[in-house]
Every structure is written in C-alpha cells, then in structure tokens.
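Novice: Structure, please.
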Amino acid sequence: MKAIVIGVMPQEQIRQRMIAIAKGEYRPKAGEPKIWFTSMRSVAEVLSDENRALLKVIRETNPDSVAVLARATGRQPGNLSRTLKTMSRYGLVDLRKEKRQVRPVVKATDFRILATA
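Specialist: From the prediction side, this is the model:
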C-alpha cells in the first residue's frame with residue numbers, strides 16, 4: 001500500500017493554498033500532501049498508536065461491518081464509529097454503505113508527514 005503524504009500547517013495557510021488552487025494560481029506538485037492538519041497534536045490524535053493498530057486490524061481482517069470490527073477489536077460500536085468517521089474525514093478510511101451496513105475499508109497504513117515551521 002502506497003504511503004499517504006500528510007501536511008501540517010496553520011489553518012490560514014491551508015485556506016490560502018486552497019483558494020490559490022481553486023483560482024488556478026497554484027497547481028500542487030506530485031508528492032505534495034493531499035491531507036492537511038492544522039497541528040502536530042491533531043496528527044497525533046488521529047494517528048495515535050491505538051488508531052494505527054485499528055487500521056492494521058481493518059486491513060488484515062477486512063470486516064463486513066462496523067459491528068464485526070467492534071467485536072474483533074473489543075471496542076464499543078459507538079466509540080468505534082466516531083473514530084472511523086474522523087478517520088474518514090481525513091481520507092484514511094472509506095466507509096462504504098453496503099446493504100444496510102457500513103463496511104470500513106483502509107485507504108492507507110503508511111504515512112509521510114511534512115510540517116512547516
């Protein structure tokens with residue numbers, strides 16, 4: 001699985017970058033981050049040891065639903081669902097609706113973090 005590049009910079013700089021891209025004034029280069037965080041603390045929360053272990057379990061077991069994943073990990077479904085939604089917002093997990101269930105699918109387990117000073 002290819003590593004996802006994650007960027008860390010202040011919210012205002014992220015906003016300016018996105019506006020420049022939308023206006024066509026800036027074109028992101030290959031290898032630039034597609035996922036942005038506003039602080040290293042945010043990165044640490046989303047990519048905690050527990051959450052990276054969760055990504056590994058999802059990748060290895062390929063669960064059919066969040067309920068199956070909850071049983072496999074011993075986590076409460078509500079707590080697990082919130083964690084997965086957060087990871088989904090950052091593009092780390094896809095939550096695919098299949099029939100009447102939601103199946104988590106890992107998009108990345110390797111990360112490269114670039115931070116500005």
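
Novice: how much space between the residue most central in space within the chain and Val106?
Specialist: When CA atoms, centre = their mean is applied to the chain, the residue found nearest the centroid is Leu92 (2.6 Å). Applying CB to CB, to the nearest Å, the value for Leu92 to Val106 is 7 Å. Every C-beta, even on glycine, is put in place using the N, C-alpha and C of the backbone.

Novice: Which residues are in contact with each of these two?
Specialist: Counting by CB atoms under 8 Å, 6 or more residues apart in numbering, the contacts common to Leu92 and Val106 are Leu55.

Novice: Can you classify Lys29 as helix, strand or coil?
Specialist: coil (DSSP: H, G, I helix; E, B strand; the rest coil).

Novice: dump the residue contacts of it.
Specialist: By CB under 8 Å, 6+ apart, Lys29 has no neighbours at all.

Novice: how far is stretch 52-62 from where the chain is centred?
Specialist: Here the centre of stretch 52-62 is set off from its chain's centre by 13 Å, with CA atoms, centre = their mean, to the nearest Å.

Novice: and what of stretch 23-41?
Specialist: In terms of CA atoms, centre = their mean, the centre of stretch 23-41 is found 15 Å from the chain centre.

Novice: From start to finish, how long is it in a straight line?
Specialist: From its first residue to its last, stretch 23-41 covers 30 Å (CA to CA, to the nearest Å).

Novice: what about it, average pLDDT?
Specialist: Averaging pLDDT along stretch 23-41 gives 92.
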